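Peer 1: coords below, sequence missing:
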């Protein structure tokens, strides 16, 4: 039995390292693939602005981590902040694999190791993802309504969509939707009730995530000469463009769809080349932030494991 347990432990370690290597390779490939498209824009903007945009994307990633952890705590996850953050940051590399389920799978497996059932963990991760989607629609719609009324006249349906999505975060409505989803998927088990306080806190962290991502878009847009674009417009357009990229699940991290939507939404305030350059540079900065997040997540997990081993040693 001891030998079997040791064998499983080695297999689990090899699997974790294999997944980490795959995640690192995917992000490295994404950075290299984008280089040809952004090299000219980088020369025009300068590395200092790109570094600032990358830093703001990292801040947004931290807010997103806190949004996810808030929901996961409500379904029973009691992992320390450092360890939970490490898992979330590493799991984000799954965005670069076609399909939106890979980060959820990684997060659910981590929660299982901390005594949370797979069903509860999966529900928690899906709800956290839903919060991000809802807040993207809400922030995008509100920002465009406030700073670009003309865009709202064209995309009036976005306001209706944002309102409909916001209603889904009411606890009673959310519980019914989750029950329906489990019934459709033919999954048994009680749906964990996620309280209004947890949802509100998660939504607040997610809103700050979009505030930071809007700032990185605005910093780059100003450097590209988009003087007519305000911070509010950049934030709204970026949030809705991200939402479009998320919906197009067959594109890794929304590749292509996000850029097209951003060019369309910013068309009234900046030129098409400026909007396209912003889309490419922003994706580059966010990819660099994901790479840094992956490294920080790996260090956090390794540090936590070493501390745990040292504590349990005789």
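Peer 2: The structure has been received and is ready for your questions. Small disclaimer: the values here were computed from a predicted structure and weren't measured. Residues are numbered from 1 along each chain as shown.
Peer 1: Please report the distance of residue 81 from residue 61.
Peer 2: 14 Å (C-beta to C-beta, to the nearest Å). Bear in mind the C-beta positions are built from the backbone N, C-alpha and C, glycine included.
Peer 1: Could you do residue 298 as well?
Peer 2: 14 Å.
Peer 1: tell me which element residue 114 is part of?
Peer 2: Using DSSP states H and E, residue 114 sits in no helix or strand.
Peer 1: got the contact list for it?
Peer 2: 77-79 (C-beta atoms under 8 Å, 6 or more residues apart in numbering).
Peer 1: could you redo the last one with a cut-off of 6 Å?
Peer 2: Contact analysis of residue 114 by C-beta atoms under 6 Å, 6 or more residues apart in numbering lists 77, 79.
Peer 1: before we move on, the earlier item: between residue 298 and residue 61, tell me which one has more neighbours.
Peer 2: For the pair residue 298 and residue 61, the greater number of neighbours falls to residue 61 (23 against 18), based on other C-beta atoms under 10 Å.
Peer 1: Tell me how far that one lies from residue 181.
Peer 2: Distance, residue 61 to residue 181, by C-beta to C-beta: 27 Å.
Peer 1: residue contacts, residue 65?
Peer 2: Residue 65 sits in contact with 85, 88, where contact means C-beta under 6 Å, 6+ apart.
Peer 1: next structured bit after the helix or strand hosting it?
Peer 2: Assigned by DSSP H and E, residue 65 belongs to helix 47-74. Sequence-wise, the next helix or strand downstream of helix 47-74 (DSSP H and E) is helix 81-91.
Peer 1: all helices of the stretch 101-250 of the chain, in order?
Peer 2: 102-112, 118-147, 149-154, 156-167, 171-184, 196-223, 231-247 (DSSP state H, counting those that start in this stretch).
Peer 1: where does the stretch 201-314 of the chain have low pLDDT?
Peer 2: For the stretch 201-314 of the chain, the stretches flagged by pLDDT under 70 are 228, 248-256, 301-314.
Peer 1: For the closest residue to residue 122 other than its chain neighbours, give me its contacts.
Peer 2: Once flanking residues are discounted, residue 122 sits nearest to residue 108: 4.7 Å by C-beta to C-beta, 6 or more residues apart in numbering. Residues in contact with residue 108, defined by C-beta under 6 Å, 6+ apart, are 118, 121-122, 125.
Peer 1: In PyMOL, how would I select the buried members of those residues?
Peer 2: The buried subset of the contacts of residue 108, as determined by 16 or more other C-beta atoms under 10 Å, is captured in PyMOL by this line:
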select buried, resi 121+122+125
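Peer 1: and the helix holding residue 65, what's its mean pLDDT?
Peer 2: Helix 47-74 shows a mean pLDDT of 92.
Peer 1: can you pull the buried residues of that helix?
Peer 2: Going by 16+ other C-beta under 10 Å, helix 47-74 has these buried residues: 49-50, 52-74.
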